[in-house]
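J.: give me coordinates for this.
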Amino acid sequence: MTDSAAKLASDRPATATPSPARDAVLELKSRIGKSVLGQDHLVESMLIGLLANGNMLIESLPGLAKTRAVKTLAKNLAADLSRVQFTPDLLPSDVTGAEIYLQTDKGGQFQFQKGPIFANLVLADEINRAPAKVQSALLEAMEERQVTVAGKTYKMPGLFMVLATENPIEQEGTYPLPEAQLDRFLMHVVITYPDEATEGEIIKLNRAENAQAPKEHATEPAAVPQQAIFDARGEIDGIFVSDLAQKYMVDVIYATRFPGRYGDPLGKWIQVGASPRGSLALDRCARVRAWLDGETFVTPDHVRAVMHDCLRHRLILSYEALSQGVSADQAIDKIAELVTAA
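T.: Presented below is the predicted three-dimensional model:
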């Protein structure tokens, strides 16, 4: 073990103790992976977001299993799933719910009817197709885990996660998410096409599923209980973060805020850096990553593993960077190269 690794361990146990919660989460990951082929990063990111108690923005071209992945997660987790197809004519009340006037034996009265936001997993499909007023209807639920309608506050379920999707190539009829709203997402995951071998496996899997469709009474394994997620979160809270690992996270965040310290080209690429939510996202996701790896403490490798997903939506690039075709991922790559864990 190097001196740096020894400092990170700081007398913590070398390996994690046996954990039924971790076994359950890994079983959940395995089940999803059997149904969602070629998107291992998406599957892992969904679990990291769920265990970190955050929300997630998924960006990809159409047909890359975003919806399938979320449905498979809900199916195997014993969680309620609601799907909202965002469109330009959607109203905020279509998401949050509204008070409805009902005539009863005792006379007329208003009764709140909950909208689709009141579920364990909420799939906000093509979120950028709805105007800002509808997008903002999600903000209170995402940040405060509650919804306020007509002066009354309604709490969200204990297990709650918004998974929003957007298509990067369609611009007509869309409403880009404001930076302040993007910052509310714990992670922004970008997925791409599967490789050639996986594409063939996808065809085989679809063919097999169609052949099995008439078998309505096929026995399926019991869903993973929600309590396993709550137990896992408790264990993740105990993952040790050394002063060295924490300093590395802070250095990464400050490199986005003051890129000029690292000279060109980074200094010319980033116009606005990450907010403190970026620091918190790195800390939470790195601890989850360490826990999934069976470690009891966070290392810079765990931070680097989640850095892109936690920061790509929190950077505003300069005009010079955009004109050169530089992406947020390239800027984060440069930060990972320049910022070292001393």
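
J.: okay, now Leu177: neighbour count?
T.: By other Cβ atoms under 10 Å, the residues close to Leu177 number 20. (C-beta placed from N, C-alpha, C; glycine too.)

J.: nope, Gly97 is what I meant
T.: Using other Cβ under 10 Å, Gly97 is surrounded by 18 other residues.

J.: repeat that for Ala228.
T.: Ala228 has 20 nearby residues by other Cβ under 10 Å.

J.: ok, the one 3 residues further on next?
T.: In terms of burial, Asp231 registers 17 neighbours under the definition other Cβ under 10 Å.

J.: what secondary structure does it sit in?
T.: Judged by DSSP: H, G, I helix; E, B strand; the rest coil, the three-state class of Asp231 is helix.

J.: and what of Glu170?
T.: With three-state DSSP as the criterion, Glu170 reads coil.

J.: can you pull the contacts of Arg287?
T.: Arg287 makes contact with Ala52, Ile236, Asp237, Ile239, Val241, Val298, His302, according to Cβ atoms under 8 Å, 6 or more residues apart in numbering.

J.: got a pLDDT number for the residue lying closest to Ile191 once chain neighbours are set aside?
T.: Nearest residue to Ile191 in three dimensions, chain neighbours excluded: Ser60, at 4.4 Å (Cβ to Cβ, 6 or more residues apart in numbering). Per-residue pLDDT puts Ser60 at 90.

J.: again, but for the one 10 residues further on
T.: In this model, Val70 is scored at 94, pLDDT.

J.: for it, give its distance to Glu201.
T.: Applying Cβ to Cβ, to the nearest Å, the value for Val70 to Glu201 is 20 Å.

J.: so the residue nearest to Ile191 touches His188, yeah?
T.: No: counting by Cβ atoms under 8 Å, Ser60 stays clear of His188, with 11.4 Å between them.

J.: other SSEs contacting the helix or strand encompassing Ser93?
T.: Secondary structure from DSSP states H and E places Ser93 in helix 92-96. Applying 3 or more Cβ pairs under 8 Å, 6 or more residues apart in numbering; DSSP states H and E, we find helix 92-96 packed against helix 132-135, strand 146-149.

J.: make CSV from those and add distance to Pro18 and mean pLDDT to it.
T.: Shown next, in CSV, are the helices and strands packed on helix 92-96 (distance: least, Cβ to Cβ, whole Å; pLDDT from 0 to 100):
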stretch, distance to Pro18, mean pLDDT
helix 132-135, 43, 84
strand 146-149, 36, 87
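
J.: can you list the ones you listed in TSV and add distance to Val224 and mean neighbour count?
T.: TSV is the format used below for those (distance: least, Cβ to Cβ, whole Å; neighbours: other Cβ atoms under 10 Å):
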stretch	distance to Val224	mean neighbour count
helix 132-135	31	18
strand 146-149	26	16
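
J.: dump those into JSON lines; add distance to Val25 as well.
T.: Formatted as JSON lines, the helices and strands packed on helix 92-96 follow (distance: least, Cβ to Cβ, whole Å):
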{"stretch": "helix 132-135", "distance to Val25": "31"}
{"stretch": "strand 146-149", "distance to Val25": "27"}
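
J.: Gly107: which of these is closest?
T.: Set against Gly107 and scored by Cβ to Cβ, the helices and strands packed on helix 92-96 come closest in strand 146-149, at 21.6 Å.

J.: domain ranges for the chain?
T.: Annotated domains of the chain cover 3-16+228-338, 36-202 [automatic domain parsing].

J.: chain center to the longest one: distance?
T.: So that's domain 36-202. 11 Å (Cα atoms, centre = their mean, to the nearest Å).

J.: for the closest residue to Val189 other than its chain neighbours, grab phi and psi.
T.: Nearest residue to Val189, sequence neighbours excluded (Cβ to Cβ, 6+ apart): Ser45, at 4.5 Å. Ser45 has phi and psi values of phi -70, psi -40 when expressed as degrees, to the nearest 10.

J.: do the same with Met187
T.: Dihedral pair for Met187: phi -140, psi 150, per degrees, to the nearest 10.

J.: next one: Met156
T.: Dihedral angles for Met156 - degrees, to the nearest 10 - are phi -80, psi 170.

J.: returning to that earlier point: higher neighbour count, Ser60 and His188?
T.: Each of Ser60 and His188 has its neighbours counted (other Cβ under 10 Å); His188 has more, 23 against 20.

J.: next up, the contacts around the closest residue to that one other than its chain neighbours.
T.: The shortest distance from His188 to any non-neighbouring residue, by Cβ to Cβ, 6+ apart, is to His313 (3.6 Å). With contacts defined as Cβ under 8 Å, 6+ apart, His313 is in contact with Leu57, Leu182, Asp183, Phe185, His188, Ala328.

J.: what of Ser60?
T.: Contacts of Ser60 (Cβ under 8 Å, 6+ apart): Lys66, Thr165, Asn167, Pro168, Val190, Ile191, Thr192.

J.: repeat that for 10 Å
T.: Counting by Cβ atoms under 10 Å, 6 or more residues apart in numbering, Ser60 touches 39, 42, 66, 165-169, 189-193.
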